[in-house]
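# sequence first, predicted coordinates after that:
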Amino acid sequence: MTQAFKAMRWLAPAVPAPKTAHGAKPPGPPQLTGAKNLLRVVKDPVVYLTELHERYGDVAYLRFGRQQVYLVSDPDLIREVLVAKSKSFTKGKALQSAKRLLGEGLLTSEGELHDRQRRIMQPHFHHQRIKGYSEVMVDYARRARDSWKPGQEVDIAAEMMQLTLRITGKTLFDVDIVDEDPELGAALAGSLDVFNELALPVSGILDKLPLPRKKRFQEAKERLDQRIFSMMEERRKDPEGHHDMLTMLVTAEDEQGTGGMSPERIRDEAVTIFLAGHETTAQALTWTFYLLSQNPDAEHQLRQELHEVLGGRLPALEDVPKLRFTRWCMQEAMRIYPPAWVLGRIAIEPVELGGWKIPKGAILLLSQVVMHRDPRYWPGPMNYLPERWAKEDPERPRYAYFPFGGGPRVCIGEPFAWMEGTLVIATLMQTWSPALVPGHKVALQPTLTLKPKHGMRMTLRSAA
Ligand code: HEM
């Protein structure tokens, strides 16, 4: 019995209601109560959401106790939530609780505070401004590439976390957080370690417990804050000394003449960029290598492109636009395994959506993993076909694919992520052809990002 079918057994029949009826709700399963039911959802949320959509349609309704939840799986309605009606929503609960670490950074702040921070930072994330980081990306990818040995077995998930951590550390703080400043690395990793758990929906409960983990988190956070404040001070005194994002944050000013950012906001933005930027990119790369190992045709085409464009040399910034298939490999991996797999929004006022009246306080879930595997928009949704991206499909709605979100809260690091992903894949795949270790179990662990539950054990073979 497939996993999906197993999940279907406990979904009750649809409860259709006419949209126009007073107080009518979209179809959905009966109220979810009790720890047992909640556990089922928490245990396999990807299967759960997929089945909800398949069974109840583009707007599915469910209740967890008193909390009303709507799963929205129509690209045009997703656009409405993220773009046209974005002002009627705030971020979901998981991100709100992430404020413990991220403070009022871009990812977690709301309203005018968010708009101002975004205005100040946006120009510095454009393609032109991030070009300088390409060398760091290639350099660290090359070091990883050269450290590997033929026949070696590695956990590619852990390797990619380490690689993106180093790239983020260098571009953000101009330090090598493994070789030069392991203390900073440990403080960052320590915060990140517990971050996922603290950001889970049940974290409200976890938070009240005197867990040693919580204490460790507090200590790591304090160490991290101290370090960031002292690095900020250095950049204030000598803005020419480092070409990193921290200098950008310290010196950036609002175009509307309201000045720069306070030290607390700079700290929040630095930690936000660090966290938002490194794990997501690591997941995108990990799934790309896994899918390439399972699809020799795609790997062959990739290798051909690398040979034609690079002819054995390391990639550079100018190559990025030419490495089209390389980019599609990552684009297609993020379709099947989107690192950000669900976005949550809370209605701050009653909203009309697709003919339904969404009450204030309701949670909306917009799931990339559901939309990106919807056979209406993606024929053979689980087939890894990077060449799908060769041509724009005019029939496909824009929000059938939204790995970086959309609207005013769209990922500010998107150009950075494409550049990093393309350069890292090109550097590593020129030399290596990772093969999944036979018997390694590939399962999903959907926390804040979509991780492989047991890592990704791969054997490094030399590329032919
Ligand atoms: C493959 C890699 C990445 C993926 C899949 C990704 C995905 C996302 C998504 C889906 C959002 C929107 C969240 C929401 O609307 O609730 C977001 C926001 C954000 N991302 Fe990324 N991201 C990636 C890489 C990066 C990088 C490299 C950086 C920084 C260098 C970054 C920084 C941010 C920030 C600061 C926000 C908040 C933007 C705002 O609300 O104004 N991300 N990301």
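Sure, I can see it.

# quick check: buried residues in the lengthiest helix in the chain?
Of all segments of type helix in the chain, defined using DSSP state H, the longest is helix 263-294. The neighbour-count check on helix 263-294 (16 or more other C-beta atoms under 10 Å) flags 265-293 as buried. To be clear about C-beta, it is placed using only N, CA and C from the backbone, and glycine gets the same treatment.

# what's the answer for stretch 342-357, then?
So for stretch 342-357, counting by 16+ other C-beta under 10 Å, buried means 342-347, 351, 353-354, 356.

# what's the burial count for residue 60?
Residue 60: 26 surrounding residues under other C-beta atoms under 10 Å.

# begin at 176, not 1, for the rest of this chat.
Noted, 176 is the first residue going forward, which turns the last one into residue 235.

# where does the prediction get shaky in the stretch 326-475 of the chain?
369-385 (pLDDT under 70).

# filter the buried residues of stretch 517-532 by proximity to the ligand?
Contacts with the ligand within the buried residues of stretch 517-532, counted by C-beta under 6 Å from any ligand atom: residue 518.

# which single one of the buried residues of stretch 517-532 is nearest to residue 415?
Closest to residue 415 out of the buried residues of stretch 517-532 is residue 518 (39.3 Å), distances taken as C-beta to C-beta.

# and that closest one, what is it in contact with?
Taking C-beta atoms under 8 Å, 6 or more residues apart in numbering, we find residue 518 in contact with 257, 267, 540-543, 580.

# so which of those are in strands?
Using DSSP state E, the subset of the contacts of residue 518 located in strands is 540-541.

# which among the contacts of residue 518 gets closest to the ligand?
The ligand has its nearest neighbour among the contacts of residue 518 in residue 580, at 3.2 Å by C-beta to the nearest ligand atom.

# how many neighbours does that closest one have?
17.

# dump the residue contacts of it.
Neighbouring residues of residue 580 by C-beta under 8 Å, 6+ apart: 257, 515, 518, 586.

# residue 236 now?
Contacts of residue 236 (C-beta under 8 Å, 6+ apart): 200-203, 243-246.

# which residue does the protein have closest to the ligand?
Closest point on the chain to the ligand, by C-beta to the nearest ligand atom, is residue 588, at 2.1 Å.

# so which residues of the stretch 476-625 of the chain form strands?
Applying DSSP state E, counting those that start in this stretch to the stretch 476-625 of the chain gives strands spanning 518-522, 526-528, 531-533, 538-541, 607-611, 619-621, 625-627.

# please see if the longest helix of the chain touches the ligand.
Yes: residues of helix 438-469 are located near the ligand by C-beta under 6 Å from any ligand atom, namely 447-448, 451-452, 455-456, 459.

# the inter-axis angle of that helix versus strand 607-611?
80 degrees (axes from the mean of the first three to the mean of the last three C-alpha atoms, to 10 degrees).

# roughly how far is helix 438-469 from the heart of the chain?
Distance of helix 438-469 from the chain centroid (C-alpha atoms, centre = their mean, to the nearest Å) equals 7 Å.

# again with stretch 389-405
Distance of stretch 389-405 from the chain centroid (C-alpha atoms, centre = their mean) equals 24 Å.

# quick check: residues of the stretch 376-525 of the chain near the ligand?
Proximity of the stretch 376-525 of the chain to the ligand is confined to 447-448, 451-452, 455-456, 459, 514-515, 518 under the rule C-beta under 6 Å from any ligand atom.

# what sits against the nearest residue to residue 312 once chain neighbours are set aside?
Take residue 312 and drop its neighbours on the chain: the residue closest to it by C-beta to C-beta, 6 or more residues apart in numbering is residue 598, 4.6 Å away. With contact taken as C-beta under 8 Å, 6+ apart, residue 598 is in contact with 309, 312-313, 316, 490, 495.

# can you pull the buried residues of stretch 483-497?
For stretch 483-497, by 16+ other C-beta under 10 Å, it's 484-485, 489-490, 492, 494-495, 497.

# now tell me what touches it from outside.
By C-beta under 8 Å, 6+ apart, stretch 483-497 touches 306, 309-310, 313, 317, 498, 502, 593-594, 597-598, 601-602, 605.

# give me the mean pLDDT for it.
Taken as a whole, stretch 483-497 has a mean pLDDT of 97.

# any idea how far that stretch is from the middle of the chain?
Taking mean C-alpha positions (C-alpha atoms, centre = their mean), stretch 483-497 and its chain are 26 Å apart.

# and the end-to-end length of that stretch?
Terminal residues of stretch 483-497 are spaced 10 Å apart (C-alpha to C-alpha, to the nearest Å).

# list the contacts for the closest residue to residue 572 other than its chain neighbours?
Once flanking residues are discounted, residue 572 sits nearest to residue 250: 3.7 Å by C-beta to C-beta, 6+ apart. With C-beta under 8 Å, 6+ apart as the criterion, the residues that contact residue 250 are 546, 552, 572-575.
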